[in-house]
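model the following, please.
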Amino acid sequence: MKNKSKPRKINYNNWGYIFIAPFFIVFIIFQLIPLISTIGNSFFENYRDGLIQIGPNFIGLQNYKTVLFDSGMPRYALNTLIMWILGFVPQIILSLLLSIWFTDTELNLKGTQFFKTVIYMPNLIMASAFAMLFFVIFSDMGPINSILMNLKITDKPIRFMVQKNWIRTLVAVMNCLMWYGNTTLLLMSGIMGIDNSIFEAARIDGANPLQVFFKVTLPQLTPILVFVIITSLIGGIQMFDVPQILTNGEGTPNRSNMTMIMYLNKHLFSKNYGLGGAVSVILFVITAILSGFVYKMNMKNYKKGGR
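Model (predicted):
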């Protein structure tokens, strides 16, 4: 009588490593290695002067001293922060209003799916294309100036592209229009995740809509708001294409609209890898610190409210 062989057991424990291997391979090649290379370059003098290559020569922290004290980097950081705030504040207010209206069961608005699609559409447009559109519309001989002069509101064209406050306003408007749809959908998902019985209990207790918003909706939305603020902050620090196009890459007037990434691009374009690496590392540290601070403060308040 032949012995029946035991069925072979297949061990699936190691298959998980095979499926996640592509992510780690791509991460190591395209993110980790460049990050290490950038940190290394920040400690070296490495640039091109005409046809002559200078370096790489090890100079320690000299690049960081130059960036922080001799290059105007704090001014560019302030420019970036101002333009981000000008765009984010109206964006979050508009997104909160829309998300409340679209999810309110008492209002029961019709066609919400259509409006969700419409408000998200600007997010699908490339920022560079959006910036070019605004550049043409608000140019000296563009449609906006033509309308203003035909209505006798102004006698001569308003030079939107050479005035500091106008450029900052246009950048803020574009950032708001491009991202408010995405923020609205995120906040809507957070509101729909709140137990409806909490809203019903608040209404039974006599709370008006304003009290329901500030006492119930807003505290419950804190985790989503933290996510929105952190991601928007990181995006604001990386602000580049819109002000780059509106100011021809110079941050006009007098670099009052130069952002940190525009400043970094100047060094990379001139192949000054030492200073470019130092700027990149400083941006990484700023992003990590601000994100950690916002997360800690908001989650601290959220935990207190939960208790």
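
CA atoms for contacts and neighbours, from now on please.
Fine.

quick one, strands of this protein?
44-49, 52-58 (DSSP state E).

between those, which gets nearest to residue 274?
strand 44-49 (5.2 Å; CA to CA).

neighbouring contacts of that closest one?
Around strand 44-49, the neighbours that count as contacts under CA atoms under 8 Å, 6 or more residues apart in numbering are 53-60, 63, 270-275.

among those residues, who's most crowded?
residue 274 (28 neighbours; other CA atoms under 10 Å).

which residues touch that residue?
Residue 274 is in contact with 41, 42, 43, 44, 45, 46, 47, 63, counting by CA under 8 Å, 6+ apart.

and for residue 161?
Per CA under 8 Å, 6+ apart, neighbours of residue 161: 135, 138, 139, 167, 246, 247.

run the last query once more with 10 Å
When contacts are counted by CA atoms under 10 Å, 6 or more residues apart in numbering, residue 161 touches 135, 138, 139, 140, 167, 168, 170, 246, 247, 248, 252, 253.

save those residues as TSV, and put in neighbour count too.
Below are these laid out as TSV (neighbours: other CA atoms under 10 Å):
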residue	neighbour count
135	19
138	22
139	20
140	17
167	23
168	24
170	23
246	27
247	19
248	11
252	19
253	15
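
closest to residue 19 among these?
residue 246 (44.0 Å).

and stretch 120-134, end to end?
19 Å (CA to CA, to the nearest Å).

make 50 the first number, not 1, from now on.
Happy to do that; since the first residue is 50 now, the last one works out to stretch 169-183.

please identify the buried residues of that stretch?
Residues of stretch 169-183 classed as buried by neighbour count (16 or more other CA atoms under 10 Å): 169, 171, 172, 176, 177, 179, 180, 183.

give me the low-pLDDT residue ranges for the stretch 50-199 of the chain?
50-61 (pLDDT under 70).

for it, just list every one of the helices.
Ranges of helices in the stretch 50-199 of the chain, per DSSP state H, counting those that start in this stretch, are 64-76, 82-90, 111-114, 122-152, 161-169, 176-186, 192-199.

any chance of those in CSV, with distance to residue 272 too?
Putting those into CSV (distance: least, CA to CA, whole Å) gives the following:
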stretch, distance to residue 272
helix 64-76, 27
helix 82-90, 29
helix 111-114, 35
helix 122-152, 14
helix 161-169, 22
helix 176-186, 28
helix 192-199, 41
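
identify whichever of those helices lies nearest to residue 345.
By CA to CA (comparing all of the helices of the stretch 50-199 of the chain), the closest turns out to be helix 122-152, at 19.8 Å.

what angle sits between that closest one and helix 161-169?
170 degrees (axes from the mean of the first three to the mean of the last three CA atoms, to 10 degrees).

which elements pack onto helix 122-152?
helix 161-169, helix 213-241, helix 271-286, helix 309-318, helix 322-355 (3 or more CA pairs under 10 Å, 6 or more residues apart in numbering; DSSP states H and E).

next up, the contacts around the spatially most central residue of the chain.
Relative to the mean C-alpha position of the chain, the nearest C-alpha, by CA atoms, centre = their mean, is the one of residue 284, at 1.8 Å. By CA under 10 Å, 6+ apart, the residues touching residue 284 are 133, 224, 278, 336.

among the helices of the stretch 50-199 of the chain, which comes closest to residue 250?
helix 122-152 (17.2 Å).

and the angle from that closest one to helix 309-318?
Using the same axes, to 10 degrees, helix 122-152 lies at 130 degrees relative to helix 309-318.

how close does residue 214 get to residue 220?
From residue 214 to residue 220 the distance is 10 Å (CA to CA).

of the two, who's got more company?
Shown here are residue 214 and residue 220; by other CA under 10 Å, residue 220 has more neighbours (23 against 15).

surely residue 314 and residue 289 touch.
Yes: assessed by CA atoms under 10 Å, residue 314 is found in contact with residue 289 at 9.0 Å.

more crowded one of these two?
Set residue 314 next to residue 289 and count neighbours by other CA under 10 Å: residue 289 wins out with 22 against 18.

backbone torsions only: list them for that one.
When quoted as degrees, to the nearest 10, the phi and psi of residue 289 stand at phi -150, psi -60.

what residues are up against it?
129, 176, 177, 298, 307, 308, 309, 310, 311, 312, 313, 314.

of all these, which comes closest to residue 150?
residue 176 (27.8 Å).

against residue 182, how distant is that closest one?
From residue 176 to residue 182 the distance is 10 Å (CA to CA).

now, among the contacts of residue 323, which is nearest to residue 151?
Using CA to CA, those come closest to residue 151 at residue 91, 48.9 Å.
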